[in-house]
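>>> Curious how this folds, go ahead:
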Amino acid sequence: MTRADLAATSRMVELITGGWRAQVIYTAAKMGLPDHIAAGRTTAAELAAATGADVEGIRRMMRLLVALEVFAGDEHGYRNTPASLTLVDAPDSLRDMCLLYGEEFYTAWGHAHESLRTVTAGFELAYGEALYPYLGTHPDLAERFQAAMRSGNIFFDYVPDVFDFAGKTIADLGGGPGHLLTAVLGQVPDARGILLDREHIVPIAKAALAATVGLDRVELVAGDMFEAVPSGADVYVLCRVLAGHSDDAVAGLFAACREAMESPGGRLMILERVVTNEGSTVLPALWDLHLLMTNGGRHRSLETFTALLDRAGFDIERVADLPMETTAVIARPRA
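Take a look at the predicted model:
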């Protein structure tokens, strides 16, 4: 075997065993090891006693996790690292994301071959029901799903850096618990918000917004954005809500936003990961495939967004990069 072949083989073994790495991190989160260590239970024996695991199992698991730099130390005293601290059960933790991805979504990925062959969601193949209806009857999973979605909100605080929201009314369509509006209104004191989401989500958003920016600055609307869009906003924001819908449905939603705009300076802002078939980086390509495995959706290219916006009477004004390889597409209505 040549040195080049050896390097390629080593790289492929690393990729093939990626699932094992993900699962051992999931197991650590499931057992609450970062929290136990933060609480002072740092030896293998203490962690075993706290989790009900065998001490030998803890030693062997922690050996790998230390090698992966998730933790540091040895069986006589482990320490959290910046990586493991992201899994401590606290606000903005990745713990729920880790649990969701290590359980239901890991199972969905186990059906990747059939999913890719039939372009059917792996989750539906695994559980016999599409993701969102399933969430409606499994509240514990729905709570984890919402918490996992919050883990991807890192870029929210940077959205005001790419658009001037001063004095504007922002309609966040499919705005969920209101975290994007909270981030924007918190930085732009003279802006106001409208949040539209399904009826069972609105009370959650109301509580979150009441505790942050205050309900005097936000109007809450229960409904389906594909059926009706509130009128009178200056900026219509669609943040990570388009991937599971057809091109025709998305173009129709864009057209509804255009019709609802009453200000001549109205804008449509799309916040999504954008894919490209040439020179793609890993994260957008990975997340695009993950959408197929979970809800049968997909990410779109900038060319596709351009065409759909054109159908609805919009021109792209500007494209801006945000953290976590998220893209802001800002469109103006065509005169």
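
>>> Buried ones in stretch 171-191, by neighbour count?
Neighbour-count burial for stretch 171-191 flags 171-185, 188, 191 (criterion: 16 or more other CB atoms under 10 Å). Glycine gets a C-beta too; all of them are placed from N, C-alpha and C.

>>> Likewise for stretch 65-75?
Applying 16+ other CB under 10 Å to stretch 65-75 flags 65-66, 70-71, 75 as buried.

>>> chain center to the lowest-mean-pLDDT helix or strand in the chain: distance?
None of the helices or strands of the chain scores lower by mean pLDDT, DSSP states H and E than helix 139-151, at a mean of 84. Centre-to-centre, helix 139-151 and its host chain are 10 Å apart (CA atoms, centre = their mean, to the nearest Å).

>>> What helices and strands are in contact with that helix?
Other elements packing on helix 139-151 under the criterion 3 or more CB pairs under 8 Å, 6 or more residues apart in numbering; DSSP states H and E are helix 95-102, helix 131-137.

>>> which outside residues touch it?
92-94, 96-97, 99-101, 104, 134-136, 176-177, 179, 204, 240 (CB atoms under 8 Å, 6 or more residues apart in numbering).

>>> same question, stretch 269-288
With contacts defined as CB under 8 Å, 6+ apart, stretch 269-288 is touched by 155, 159, 163, 180, 235-240, 242-243, 298-302, 305, 322, 324-331.

>>> Put the buried members of those residues into a PyMOL selection.
Buried residues among those (16+ other CB under 10 Å), as a PyMOL selection:
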select buried, resi 155+159+163+180+235+236+237+238+239+240+242+243+298+299+300+305+322+326+327+328+329+330+331
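
>>> So which of the contacts of stretch 269-288 are in strands?
Under the assignment DSSP state E, the contacts of stretch 269-288 contribute 235-239, 322, 326-331 to strands.

>>> Nearest to residue 249, out of the residues you listed: which one, please.
Using CB to CB, residue 238 is the member of those that lies nearest residue 249, at 12.0 Å.

>>> quick one on the thing from earlier: quick one, the least confident helix or strand of the chain and helix 95-102 angle?
Relative orientation of helix 139-151 versus helix 95-102 (axes from the mean of the first three to the mean of the last three CA atoms, to 10 degrees): 110 degrees.

>>> now the helix or strand following helix 139-151: mean pLDDT?
Going down the chain from helix 139-151, the next helix or strand is strand 169-173, by DSSP states H and E. Averaging pLDDT along strand 169-173 yields 98.

>>> Partner strands of strand 169-173, with direction?
Next to strand 169-173 in the sheet, as set by DSSP bridges, lie strand 192-197 (parallel), strand 235-239 (parallel).

>>> so how far is it off the chain centroid?
For strand 169-173, the separation from the chain centroid amounts to 19 Å (computed by CA atoms, centre = their mean).

>>> got a list of contacts for it?
With CB under 8 Å, 6+ apart as the contact definition, strand 169-173 has outside contacts at 178, 180-181, 184-185, 191-196, 225, 229-230, 232-239, 241, 253, 257, 260.

>>> what does stretch 54-65 give?
Residues from elsewhere that reach stretch 54-65 (CB under 8 Å, 6+ apart): 24-25, 27-28, 33, 44-45, 47-48, 51, 71, 75, 78, 84.

>>> With stretch 158-168 instead?
Under the contact criterion CB under 8 Å, 6+ apart, stretch 158-168 has outside partners 180, 183-184, 187-188, 190-192, 233-235, 267, 269, 271, 318, 320, 322-323, 328, 330.

>>> before we move on, back to that, top of the contacts of stretch 54-65 by neighbour count?
In terms of neighbours by other CB atoms under 10 Å, the contacts of stretch 54-65 top out with residue 33 at 28 neighbours.

>>> what's near enough to touch that residue?
The neighbours of residue 33, taking CB under 8 Å, 6+ apart as the test, are 47, 51, 62, 71, 84.

>>> Cross those against helices and list the overlap.
Judged by DSSP state H, the subset of the contacts of residue 33 located in helices is 47, 51, 62, 84.

>>> Let me know whether the last one touches residue 70 as I believe.
Pointing back at residue 84 there. Yes: contact criterion CB atoms under 8 Å: residue 84 and residue 70 qualify, at 5.1 Å.

>>> shared neighbours of these two, which are they?
In contact with both residue 84 and residue 70: residue 28, using CB under 8 Å, 6+ apart.
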